[in-house]
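**Student:** Whatever this is, show me its structure:
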Amino acid sequence: MELKGKRIAILADNVYQEMELWYPLYRFQEAGAEVVVAGAKAGQTYTSKLGYPATTQLSYDDLRASEFDGVIIPGGYAPDHIRRYPKANHFVKEIHDQGKLVAAICHGPWVLCSAYGLLKGRRVTSFFAIKDDVVNAGASWEDAEVVVDGNLVTSRKPDDLPAFCRAAIQVLLHAAVAV
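**Tutor:** Residues are numbered from 1 along each chain as shown. Coordinates of the predicted model:
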């Protein structure tokens, strides 16, 4: 149980990409982490692109960066909804500033674009359609299965999930975390 004692938040909203939420959730649980699904409202059920439900345990109001070791932002169109909540953007930025894991896949980097300068000077990847948004937020975009820049892990699409999760786990195991 390599991630025993680690606590990870996965952000959810309607029209999330199924694989990009559930694959990391189960992979991180399998490795021993506590995984918490968070959204605008606690106890709210959000549906995926295909209608698959995910119910949140915590709201953005309830999230405290000091209580988590990382955050995962799945893709689909949910990130466009998530980024509209300043508390979600602040949480992601605080996790980042504390040197903890920030992992985003597919359209997930849309949230990073709104997280108060988080992408300035960083190396990232994403779904190709949001490349301009990522670059305009100050990042250097790469077309790669996974890009790791310090505590920041990004990938392009569901096919990249194995590499995405492996890299995120390595960051969780080796990243210097501020206490």
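**Student:** can you give me the helices for this protein?
**Tutor:** 18-30, 78-82, 86-97, 109-113, 131-136, 161-174 (DSSP state H).
**Student:** Contacts for the third one next, please.
**Tutor:** Outside helix 86-97, the residues within contact range by Cβ atoms under 8 Å, 6 or more residues apart in numbering are 9, 11, 40, 60-61, 63, 65, 68, 70-71, 73, 82-83, 101-102, 111-112, 114-118, 151-152. Placement of C-beta: from N, CA and C, glycine included.
**Student:** thinking again about what came up before, nearest to Glu2, of the helices of the chain?
**Tutor:** Relative to Glu2, the nearest member of the helices of the chain by Cβ to Cβ is helix 161-174, separated by 6.5 Å.
**Student:** Give the buried residues for the closest one.
**Tutor:** Leu161, Ala163, Phe164, Cys165, Ala167, Ala168, Ile169, Val171, Leu172 (16 or more other Cβ atoms under 10 Å).
**Student:** Rebuild the helices of the chain as JSON lines, extending it with distance to Gly51 and mean pLDDT.
**Tutor:** Compiled in JSON lines, the helices of the chain are given as follows (distance: least, Cβ to Cβ, whole Å; pLDDT from 0 to 100):
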{"stretch": "helix 18-30", "distance to Gly51": "9", "mean pLDDT": "98"}
{"stretch": "helix 78-82", "distance to Gly51": "13", "mean pLDDT": "98"}
{"stretch": "helix 86-97", "distance to Gly51": "23", "mean pLDDT": "98"}
{"stretch": "helix 109-113", "distance to Gly51": "22", "mean pLDDT": "98"}
{"stretch": "helix 131-136", "distance to Gly51": "27", "mean pLDDT": "98"}
{"stretch": "helix 161-174", "distance to Gly51": "20", "mean pLDDT": "97"}
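**Student:** Give me whichever of the ones you listed is most buried.
**Tutor:** For the helices of the chain, the largest average neighbour count (mean count of other Cβ atoms under 10 Å) is found in helix 109-113, namely a mean of 28.
**Student:** Can you list the helices and strands that that helix packs against?
**Tutor:** strand 70-73, helix 78-82, helix 86-97, strand 101-105, helix 131-136, strand 152-155 (3 or more Cβ pairs under 8 Å, 6 or more residues apart in numbering; DSSP states H and E).
**Student:** Which one, of the ones you listed, ends up nearest to Arg123?
**Tutor:** strand 152-155 (8.0 Å).
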